[in-house]
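In: Attaching a predicted model along with its sequence, questions to come.
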Amino acid sequence: MWKGELQLDINGVFLWYYNICKRELWFMSRKIVPDQQDENVDIGRFIHENTYKRNKKEISFGNIKFDVIFRSKDKMVIGETKKSSKYKEASKWQLMFYLKTLKDTGIHASGELLYPEERKREEVILDDTSNKKLAEMISDIEYICSLDKPPSVKKIPYCKNCAYREYCFA
């Protein structure tokens with residue numbers, strides 16, 4: 001569990017960072033903000049603000065925010081907008097966390113990963129197996145965030161586009 005004075009409020013972005021870089025996760029847990037002038041941050045912000053305008057956007061629900069909500073005939077669909085499918089696995093777990101949060105309050109929804117620049121959509125389903133894996137990830141996130149120091153630097157392909165890269169390689 002969480003130690004120290006900081007309060008851990010796990011959200012979907014934590015799941016995304018956990019699946020990309022544990023060091024970034026630790027920075028995020030300390031509210032250390034990535035470089036807001038980074039080109040990738042700007043592109044993500046632009047895509048978020050300028051896609052799916054017909055649909056209700058950025059819905060707050062507790063400590064999480066959904067990018068978009070769609071309605072189909074008989075169900076609610078939560079959409080998570082990303083600039084690229086390159087980090088599909090991390091995005092999937094972020095969306096699964098949102099679906100689990102809703103399910104835990106009695107709201108059943110399905111999920112879609114949305115890649116407007118690629119004109120792709122991908123369905124995400126929370127089942128028993130993914131629910132168990134999600135619980136394991138959350139436990140590991142709690143451990144990582146409880147560390148006094150960030151995990152050591154591990155150079156990965158994501159580093160070259162990372163808005164936190166100056167914290168690691170300056």
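Out: Cool, got the structure.

In: Excluding chain neighbours, what is closest to Gly62?
Out: Thr101 (6.7 Å; CB to CB, 6 or more residues apart in numbering). C-beta: built from backbone N, CA, C; applies to glycine.

In: From the contact counts, what lies against the helix or strand containing that neighbour?
Out: In the assignment (DSSP states H and E), Thr101 maps to helix 88-104. Secondary-structure packing of helix 88-104 (3 or more CB pairs under 8 Å, 6 or more residues apart in numbering; DSSP states H and E): helix 12-20, strand 64-71, strand 76-81, strand 109-115, strand 120-124, helix 128-146.

In: Least confident of the ones you listed, on average?
Out: With a mean of 82, strand 64-71 has the lowest mean pLDDT of the helices and strands packed on helix 88-104.

In: buried sites along it?
Out: Across strand 64-71, burial judged by 16 or more other CB atoms under 10 Å covers 64, 66-70.

In: distance from the centroid: which residue in the protein tops it?
Out: The C-alpha centroid of the chain is most remote from Lys73, which lies 27.2 Å away (CA atoms, centre = their mean).

In: Distance check, it against Phe169.
Out: 50 Å (CB to CB, to the nearest Å).

In: Make CSV out of the buried residues of strand 64-71 and add distance to Val33.
Out: Compiled in CSV, the buried residues of strand 64-71 are given as follows (distance: CB to CB, whole Å):
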residue, distance to Val33
Ile64, 19
Phe66, 22
Asp67, 20
Val68, 24
Ile69, 27
Phe70, 30
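
In: Of the residues you listed, which is the nearest to Met96?
Out: Ile64 (11.8 Å; CB to CB).

In: How about the closest one, nearest residue that isn't a chain neighbour?
Out: Ile64 sits nearest to Asn11 (CB to CB, 6+ apart), 5.0 Å away.

In: Can you report how many residues neighbour that neighbour?
Out: 16 (other CB atoms under 10 Å).

In: so what's it up against?
Out: Counting by CB atoms under 8 Å, 6 or more residues apart in numbering, Asn11 touches 63-65, 97.

In: May I see these organised as JSON lines, with distance to Ser139 added?
Out: Putting those into JSON lines (distance: CB to CB, whole Å) gives the following:
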{"residue": "Asn63", "distance to Ser139": "18"}
{"residue": "Ile64", "distance to Ser139": "18"}
{"residue": "Lys65", "distance to Ser139": "23"}
{"residue": "Phe97", "distance to Ser139": "13"}
